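Visitor: Next input, structure requested:
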Amino acid sequence: MKKIKAALLSYGMSGKVFHAPYMELHPGFELLGSWERSSKNIQSDYPNTISYPSLEAILEDKSIDLVVVNTPTASHFEYAKKVLLAGKHALVEKAFTSTLAEAKELDALAKEKGLKLFVFQNRRWDSDFKTVKKVLSDNLLGDIVEAEIHYDRYTPDLSPKIHKETANPGSGILRDLGPHIIDQALVLFGMPKAIFADVRFTRENTLVEDYFDILLYYPEFRVRLKAGYFIREALPSFIFHGKKGSFLKSRGDVQEDELKLGKKPNFTTWGTEPKTKEGILHTELNGSIFRDTIPTLQGNYYDYFDEVHQSLINNTIEPVTAQDGVNVMQIIEAAILSNQQKSAINL
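Guide: As a prediction, this is how the structure comes out:
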């Protein structure tokens, strides 16, 4: 199997948890190293890697095929543009960029250079979302009337990560948690016709927005997206009501927590939710009313990296395209405008 040689632009939580373990597991990747600024940690975890002293050192390394741009959001555009101009493929963390204009420019540049530009939307490969997607694709609820997707937390204190709490074009909950559930809604339903949003500052002394309630208008139904930091008793994260029935599912994917504990992904038991997290399906099946929990599908972010590899080797479509990233940024900018104008925005 041909190996894709890759480097990370950061070996903090994102690099250590979401990228390096899968590049180690996948036989089609070789992780060469990471740009590390102050702490030098990657070689202790992966002895055969390099701790690059600068971005330029990575860009000048002709052996590198793919660069993972996993730095704070405000830097994504600058770094991804430099990667593409250096003739290397780029995989960019969410939020794809800080602005819609930046997202469109990167998409155009990648096409001009004949390079692959991937967006990292790992939540498509969460166990909970994969299960929701199957319930809808199997038409178990009938025509959808309304849906809600939540990403709720109880974290009233400000983050110790300075870049998350500094007012800049890449900070705030819309670009942190927002891309996860906006992307999930677009995967399920496509682009809406219009959007209305309420965006707020709820934590004491916060400089960045930390709550949003977004309503997506589709011709026959509505989808609500919500996230906030004062949800001690969370509702189900996925609430879907159709003309035949309903499906309620909590956010139960275990991958991030297990990766943070240092566990390594595998091909067998990885991404298996506990049965207590199974979703409730209440609908009509074959003329009878059915109400019970249903098994949750396994999640595995490995599948994302496998599709990245296939895309680079066989020139197949990216698992999450730059256009997907553009669409998410369009929703985010429309939400900001809607909140400012206190009105619905047509897309």
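Visitor: Only C-alpha atoms from now on, for both contacts and neighbour counts.
Guide: Fine.
Visitor: isn't there a strand covering residue 241?
Guide: Yes. Assigned with DSSP: H, G, I helix; E, B strand; the rest coil, residue 241 falls within a strand.
Visitor: and it, how many neighbours does it have?
Guide: For residue 241, the neighbour count with other C-alpha atoms under 10 Å is 20.
Visitor: got a list of what it touches?
Guide: 141, 144, 145, 146, 147, 247 (C-alpha atoms under 8 Å, 6 or more residues apart in numbering).
Visitor: Specify which member of the residues you listed is nearest to residue 302.
Guide: The closest of those to residue 302 turns out to be residue 247 (C-alpha to C-alpha; 26.9 Å).
Visitor: Give the bridge partners for that closest one, please.
Guide: Going by DSSP bridges, residue 247 is paired in beta bridges with residue 240, residue 281.
Visitor: re the thing from before, by neighbours, which of the contacts of residue 241 wins?
Guide: Counting by other C-alpha under 10 Å, top hit in the contacts of residue 241: residue 247 with 25 neighbours.
Visitor: got the contact list for residue 166?
Guide: So residue 166 contacts 207, 208 (C-alpha under 8 Å, 6+ apart).
Visitor: Now the phi/psi pair for it, please.
Guide: Note on residue 166: backbone dihedrals following degrees, to the nearest 10 are phi -100, psi 130.
Visitor: That one and residue 9: what is the separation?
Guide: 21 Å (C-alpha to C-alpha, to the nearest Å).
Visitor: Which one of the contacts of residue 241 is nearest to residue 213?
Guide: Nearest to residue 213 among the contacts of residue 241, with distances taken as C-alpha to C-alpha, is residue 147, at 13.0 Å.
Visitor: What strand or helix carries residue 335?
Guide: Per DSSP states H and E: residue 335 is located in helix 322-341.
Visitor: moving C-terminal of that helix, what's the next helix or strand?
Guide: Following helix 322-341 in sequence order, the next helix or strand is strand 345-346 (DSSP H and E).
Visitor: how far out from the middle of the chain is that next one?
Guide: 24 Å (C-alpha atoms, centre = their mean, to the nearest Å).
Visitor: Just to check, residue 170 is in contact with residue 102?
Guide: No. At 11.6 Å, residue 170 does not count as touching residue 102 under the criterion of C-alpha atoms under 8 Å.
Visitor: more neighbours, these two?
Guide: residue 170 (22 against 18).
Visitor: Could you give the number of residues near residue 137?
Guide: Neighbour number of residue 137 under other C-alpha under 10 Å is 11.
Visitor: Could you tell me what pLDDT the model assigned to it?
Guide: As summarised for this prediction, residue 137 has a pLDDT of 98.
Visitor: start at 597 instead
Guide: Okay, residue one is now 597; in that scheme the one you just asked about reads as residue 733.
Visitor: residue contacts, it?
Guide: Counting by C-alpha under 8 Å, 6+ apart, there are no residues that residue 733 touches.
Visitor: swap the cut-off to 10 Å and go again
Guide: Residues in contact with residue 733 (C-alpha atoms under 10 Å, 6 or more residues apart in numbering) are 727, 784.
Visitor: And the helix holding residue 931, what does it pack against?
Guide: If you count contacts as 3 or more C-alpha pairs under 10 Å, 6 or more residues apart in numbering; DSSP states H and E, helix 918-937 packs onto strand 685-689, helix 696-709, strand 713-716, helix 769-772, helix 774-785, strand 790-796, strand 807-813, strand 941-942.
Visitor: now the longest one against helix 918-937, angle please.
Guide: By that I understand helix 696-709. 170 degrees (axes from the mean of the first three to the mean of the last three C-alpha atoms, to 10 degrees).
Visitor: Buried residues in helix 696-709, which are they?
Guide: 696, 698, 699, 700, 702, 703, 706 (16 or more other C-alpha atoms under 10 Å).
Visitor: repeat for the fourth one
Guide: Judged by neighbour count (16+ other C-alpha under 10 Å), helix 769-772 contains these buried residues: 769, 770, 771.
Visitor: Distance to residue 830 added to the residues you listed, as CSV?
Guide: Formatted as CSV, those follow (distance: C-alpha to C-alpha, whole Å):
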residue, distance to residue 830
769, 17
770, 19
771, 21
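Visitor: Tell me the one among those residues nearest to residue 750.
Guide: residue 769 (13.5 Å).
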